[in-house]
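1. need a 3D model of the sequence below.
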Amino acid sequence: MEINDLTPAEEQVWRAFPLGESVDFRTAEDEDVSLGADWVPERTVRAEVLRALLLNGPQEAGEIASLSLAGARITGMLDLQYATIDHPVRLRYCHFDEVPRFYACRLRELNLGDSVLPGLTAHAMRVDGVLRMTRSRFHGVVRLAGAKIAGSLFMEGAEIIAPDAEEPVLQLNQAAVGDDLRATGLRTRGQIRLSGATVAGTVNLNTAHLSHPGDSAIDAEVLVVEGNILLRHALVEGWVGLRGARIAGRLDLSYSTLSNPGSSVLLASSSTMGELWLRESPPMEGGLVLSRAQIDVLLLDPRALPDQVFLTSFAYTSLIPHEPADRRLAMLERDGDGYVPHAYEQLAAAYRRIGDDAAARHVQLAKQRRLRGTRPWYGRIWGYVQDATVGYGFRPLRACAWLLSLLAIGSLVYGLHHPHALKASEAPHFNPVFYTLDLLLPVISFGQEEAFAPDGWYQYLAYALIITGWILATTVVTGVTRSVSRQ
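-> As a prediction, the model looks like this:
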């Protein structure tokens, strides 16, 4: 392309390129870039001119060439697929008439900040520096699948709205980001796909508004993040998929609203995380799936829990903040998989690790009561007996109370109405306390039971004391055995 073929605006860009100078056509810093289709020809630049500059533009000795353009309307398709561009490309506050194509190209740096674009095609693109799309507005699909970005990906305040798209509106599947993915305040309508992506830093989606009701707002299956995923003060309409994801730091959903009524809202099954934070948030609308997930620290506010959770084989080390056991048990009672013994063992172990043995015993007792409901009627009856007498061994003082009460009753009754001696000449002196103890304790004998026999309903009382004694002894032994096993 000869320089004589250029318009005045294009000639200005052409002459600035070898010197690395910026060209800014804006008339005001706050002008609306979405109105760029009506901008005058004096600030219009053809995409083929930019392509010619980047591929074979003039060079100036001792200068670093770069394309730095702001406030321009770019007509035609900027087609750089498979190209290798050694110059920084900064196209800020620009209005693109057609979707630029960067498929499989290699760039030193790309900045599309504050621009308005009908979409972006950049599959398998490689950027040696950073990719900036801060406050950019896209009216179509942003395709970055398989892209490799050595630095950070900046999308703060960006907006991607593609109402007619039948594919994810932001495609970052299999992409690799060498530093952070910064997208605070991001607004999307449609799915964000991060499946198989890797981020060496942190994924920051604080204050984002991600909308795809009834479907996937974020699909990040087997995502790998070496830092944190921050989704604080965000609004998510649709489900968040983190199945098989590995997050070295924390997944922070504090102060956020997650909504997907009628289905699951957070799917993190088989994932691995350093920490999961759920606090100071309204209750999730939809199910919470943590089956087979492994988390070191679970920071969970019970008020943020949805009505249904799935906790099969869910493992965690620490549970904070410290809450009474009853508040934590509500989570286990909402398990959509029904009775999950492992979930109770995990909660009890978390309490024992911080030295709260009373809370751990309370959880174990709740586990036995939940188990009781799964058994046939005869098993439930025996369960009620163990619960009432010694609390399945977790309330051993109850047995003492029962024994003392029965001892008092038997001593009083038989103290007022002595049973007759079987052999008066050989019988020892009658003692109502030790006689009652003989009836209650099946192993120990004080010689009273064999020497005296009550009559009438006093005999039935003796039978009742014997049966009750056996039941209490059995449940006490069961409780002691369980206590020893726990130790």
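
2. how about the strands in the stretch 201-350 of the chain?
-> With DSSP state E, counting those that start in this stretch as the definition, the stretch 201-350 of the chain shows strands at residue ranges 203-204, 209-219, 224-225, 229-230, 235-241, 246-252, 257-267, 272-278, 285-289, 294-300, 309-310, 315-320.

3. format these as CSV; extra columns: mean pLDDT and mean neighbour count.
-> No exception for glycine: its C-beta is placed from N, CA and C like everyone else's. CSV is the format used below for the strands of the stretch 201-350 of the chain (pLDDT from 0 to 100; neighbours: other Cβ atoms under 10 Å):
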stretch, mean pLDDT, mean neighbour count
strand 203-204, 97, 24
strand 209-219, 95, 19
strand 224-225, 97, 22
strand 229-230, 97, 26
strand 235-241, 96, 23
strand 246-252, 96, 20
strand 257-267, 94, 20
strand 272-278, 95, 21
strand 285-289, 93, 21
strand 294-300, 94, 18
strand 309-310, 91, 24
strand 315-320, 90, 16
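
4. turn those strands into a markdown table, columns for distance to residue 415.
-> Formatted as a markdown table, the entries for the strands of the stretch 201-350 of the chain read as follows, by distance: least, Cβ to Cβ, whole Å:
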| stretch | distance to residue 415 |
| --- | --- |
| strand 203-204 | 78 |
| strand 209-219 | 75 |
| strand 224-225 | 76 |
| strand 229-230 | 73 |
| strand 235-241 | 71 |
| strand 246-252 | 68 |
| strand 257-267 | 66 |
| strand 272-278 | 62 |
| strand 285-289 | 61 |
| strand 294-300 | 57 |
| strand 309-310 | 57 |
| strand 315-320 | 53 |
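
5. and these: which comes nearest residue 46?
-> Shortest separation from residue 46 across the strands of the stretch 201-350 of the chain is recorded for strand 209-219, at 35.6 Å, computed as Cβ to Cβ.

6. can you tell me how far residue 100 is from residue 49?
-> From residue 100 over to residue 49 the distance is 14 Å, taken as Cβ to Cβ, to the nearest Å.

7. same check on residue 186?
-> Look at residue 186 and residue 49: by Cβ to Cβ, they are 32 Å apart.

8. who touches residue 158 in this structure?
-> Contacts were defined as Cβ atoms under 8 Å, 6 or more residues apart in numbering; by that measure residue 158 touches 133-138, 183, 185-187.

9. please apply the same query to residue 137.
-> With contacts taken as Cβ under 8 Å, 6+ apart, residue 137 has the following neighbours: 33-34, 115-117, 158-159, 161.

10. what pLDDT does the model give it?
-> pLDDT, the model's per-residue confidence, is 97 for residue 137.

11. and of the strands of the stretch 201-350 of the chain, who's closest to residue 63?
-> If we rank the strands of the stretch 201-350 of the chain by Cβ to Cβ, the stretch that ends up nearest is strand 203-204, at 36.0 Å.

12. check contacts around residue 61.
-> Not one residue lies near residue 61 by Cβ under 8 Å, 6+ apart.

13. wait, a helix at it?
-> No. Using DSSP: H, G, I helix; E, B strand; the rest coil, the assignment for residue 61 is coil, not a helix.

14. look up how far residue 105 lies from it.
-> Summarising the geometry, the distance separating residue 61 from residue 105, computed by Cβ to Cβ, is 27 Å.

15. repeat for residue 379
-> To residue 105, residue 379 is 69 Å away according to Cβ to Cβ.

16. next: residue 385.
-> Remark: distance between residue 385 and residue 105 (Cβ to Cβ) = 76 Å.

17. do residue 52 as well
-> As judged by Cβ to Cβ, residue 52 and residue 105 stand 15 Å apart.

18. so for the two, which residue has more residues nearby?
-> Remark: of residue 52 and residue 105, residue 105 carries more neighbours, 20 against 15, as counted by other Cβ atoms under 10 Å.

19. wait, that one sits on residue 80?
-> Yes. Using Cβ atoms under 8 Å, residue 105 is in contact with residue 80, at 4.8 Å.

20. so what's residue 262 up against?
-> When contacts are counted by Cβ under 8 Å, 6+ apart, residue 262 touches residue 286.

21. can you check residue 462 too?
-> Counted by Cβ under 8 Å, 6+ apart, residue 462 has contacts 439, 454.

22. which SSE is it in?
-> In this structure, residue 462 sits in helix 457-486 according to DSSP states H and E.

23. report the mean per-residue pLDDT for that helix.
-> Taken as a whole, helix 457-486 has a mean pLDDT of 70.

24. could you do stretch 112-122 as well?
-> When pLDDT is averaged over stretch 112-122, the result is 97.

25. and it, end to end?
-> 13 Å (Cα to Cα, to the nearest Å).

26. what's next to that stretch, contact-wise?
-> By Cβ under 8 Å, 6+ apart, the residues outside stretch 112-122 that reach it are 33-34, 36, 91-103, 105, 132-144, 147, 154, 162.

27. if you set the cut-off to 6 Å instead, what comes out?
-> With Cβ atoms under 6 Å, 6 or more residues apart in numbering as the test, stretch 112-122 has contacts from 33-34, 91-96, 99, 101-103, 132-144, 147.

28. same check, this time on stretch 371-378
-> Contacts for stretch 371-378 (Cβ under 6 Å, 6+ apart): 339, 380, 383.

29. now the end-to-end length of that stretch.
-> Using Cα to Cα, the end-to-end distance of stretch 371-378 comes to 13 Å.

30. any idea of the mean pLDDT in it?
-> What stretch 371-378 shows for mean pLDDT is 79.

31. before we move on, which element is residue 400 in?
-> When elements are defined using DSSP H and E, residue 400 is found to belong to helix 397-416.

32. next secondary structure element downstream of that helix?
-> strand 420-421.

33. and the contacts of that following strand?
-> Residues outside strand 420-421 that contact it (Cβ under 6 Å, 6+ apart) are 427, 452.
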